[in-house]
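Q: curious how this folds, go ahead:
(one chain, ligands or ions: 1)
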Amino acid sequence: MTTENLVQQIKLKKSMLCVGLDVDLEKIPQHLLKLDDPIFEFNKEIIKATADFAVAYKPNLAFYEAYGLKGWKSLEKTISFLQENYPNIFTIADAKRGDIGNTSRMYAKAFFEDLGFDSVTVAPYMGKDSVEPFLEFPEKHVIMLGLTSNQGSEDFQLSKIENDTYLFEKIMQKSKTWNNSERLMYVVGATKPEYLKIIRKHLPKSFLLVPGVGAQGGNLDEVCKYGMSDNYGLLINSSRGIIYKSSGTDFAEAARNEAKAMQQKMEKYF
Ligand SMILES: O=C(O)c1cc(=O)[nH]c(=O)n1[C@@H]1O[C@H](COP(=O)(O)O)[C@@H](O)[C@H]1O
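A: Numbers count the residues shown, from 1 in each chain. You can find the predicted model right below:
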């Protein structure tokens, strides 16, 4: 999907909501466990219930890989379901990959060619030649870890380096010089809205994937206030806060209500 298409969808739905499909068999309603593929059935119901209010879905690969081949099959079925029924929705493989060039290219083929995701999350630690192979695929996007939502982001990302800048700033600045960097997006945790102003100085137009509202306590209003750009520029993710709103038979309806409530909060900023 092109960035223009994504912006169009955001405008149309007045939403920057990304629903995280982090499916844990211990947390989903127990009646689903009797079915053939509980993960896919859960995702299907969640997607159908929330798609009016969401512009993106983000399955985190860990939650599928943990179940081996079966989990991978559920992921394949989920992405196919999205592509067939909601072709205008942006899809994110939250896989946090990145390796030497020829290995990165194979990761990119897996997520972009085989599974057909629109984007993949990538760790920037190995630098330019580990990220550029992902950017060789037309209309596909790389979402690079910038300033993450977890406490450990203080260990490296928030270390001060030359000229009193943070390491995460250097990564953002440097990455803008890479080939096809117009298709780079960045992860910025909702738990650190105070850094959004600095980030927008470096990246006035880039899309930011912002996880950390909901279960991690990030503030949606602050994210919108400091993070939005001229072309909206945000995908705000909530996983547990939406998909596990209820563990009963009303789980899909509860997820829909929560997605709607989040969209209504965002709508104020359009
Ligand atoms: O790349 C991510 O999506 C990510 C980066 C980050 O800094 N923090 C973060 O929470 N995430 C992911 O975003 C999702 C957040 O889930 P909830 O806390 O349940 O909303 C999980 O899939 C995390 O792995």
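Q: so who does residue 35 touch?
A: By C-beta atoms under 8 Å, 6 or more residues apart in numbering, the residues touching residue 35 are residue 41. Just so you know, the C-beta spots here come from the backbone N, C-alpha and C atoms, and that holds for glycine as well.
Q: if you could redo that for residue 259, that was the one I meant.
A: 17, 19, 49-50, 52-54, 242.
Q: out of those, which is nearest to residue 195?
A: The nearest member of the contacts of residue 259 to residue 195, counting by C-beta to C-beta, is residue 17 at 21.7 Å.
Q: quickly list what that closest one is bridged to.
A: Beta-bridge partners recorded for residue 17 (DSSP bridges): residue 236.
Q: would you mind listing what in the stretch 101-250 of the chain touches the ligand?
A: Neighbours of the ligand within the stretch 101-250 of the chain, by C-beta under 6 Å from any ligand atom: 121, 148-150, 187, 189, 211-212, 214-216, 237-241.
Q: and these, which of them are buried?
A: 121, 148-149, 187, 189, 211-212, 214, 216, 237-239, 241 (16 or more other C-beta atoms under 10 Å).
Q: TSV for the residues you listed, including pLDDT?
A: Shown next, in TSV, are those (pLDDT from 0 to 100):
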residue	pLDDT
121	99
148	98
149	97
187	98
189	97
211	98
212	96
214	89
216	96
237	98
238	98
239	98
241	97
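Q: just those residues: which are in strands?
A: 121, 187, 211, 237-238 (DSSP state E).
Q: related to what we said a few turns ago, just curious, which of the contacts of residue 259 is nearest to residue 223?
A: residue 17 (11.6 Å).
Q: correct me, but that closest one touches residue 57?
A: No: between residue 17 and residue 57 there is no contact under C-beta atoms under 8 Å: 9.8 Å.
Q: does residue 92 lie in a helix or a strand, and which?
A: Assessed by DSSP states H and E, residue 92 sits inside strand 90-97.
Q: from the chain's centre, how far out does that strand sit?
A: Relative to the mean C-alpha coordinate of its chain, strand 90-97 is positioned 6 Å out (C-alpha atoms, centre = their mean, to the nearest Å).
Q: for stretch 102-113, same thing?
A: Using C-alpha atoms, centre = their mean, the offset of stretch 102-113 from its chain centre is 18 Å.
Q: give me the phi and psi for the closest residue to the ligand within the stretch 51-200 of the chain.
A: Using C-beta to the nearest ligand atom, the closest approach of the stretch 51-200 of the chain to the ligand is made by residue 148 at 3.1 Å. The phi/psi pair for residue 148 (degrees, to the nearest 10) reads phi -80, psi 170.
Q: wait, what's in contact with it?
A: With C-beta under 8 Å, 6+ apart, residue 148 has these contacts: 157, 187, 189.
Q: which of the residues in the stretch of helix or strand residue 77 belongs to are buried?
A: Following DSSP H and E, one finds residue 77 within helix 68-85. Buried residues in helix 68-85, defined by neighbour count with 16+ other C-beta under 10 Å: 71, 74-75, 77-79, 81-82.
Q: switch the residues you listed over to CSV; also include pLDDT and distance to the ligand.
A: Output for these, formatted as CSV (pLDDT from 0 to 100; distance: C-beta to the nearest ligand atom, whole Å):
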residue, pLDDT, distance to the ligand
71, 98, 15
74, 98, 16
75, 98, 13
77, 98, 19
78, 98, 14
79, 98, 16
81, 98, 19
82, 98, 17
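Q: with adjacent residues omitted, what lies nearest to residue 101?
A: residue 129 (4.6 Å; C-beta to C-beta, 6 or more residues apart in numbering).
Q: just give me how far stretch 37-53 sits from the chain centre.
A: Using C-alpha atoms, centre = their mean, the offset of stretch 37-53 from its chain centre is 17 Å.
Q: now check that stretch, is it near the ligand?
A: No: using C-beta under 6 Å from any ligand atom, stretch 37-53 stays clear of the ligand, coming no nearer than 13.0 Å.
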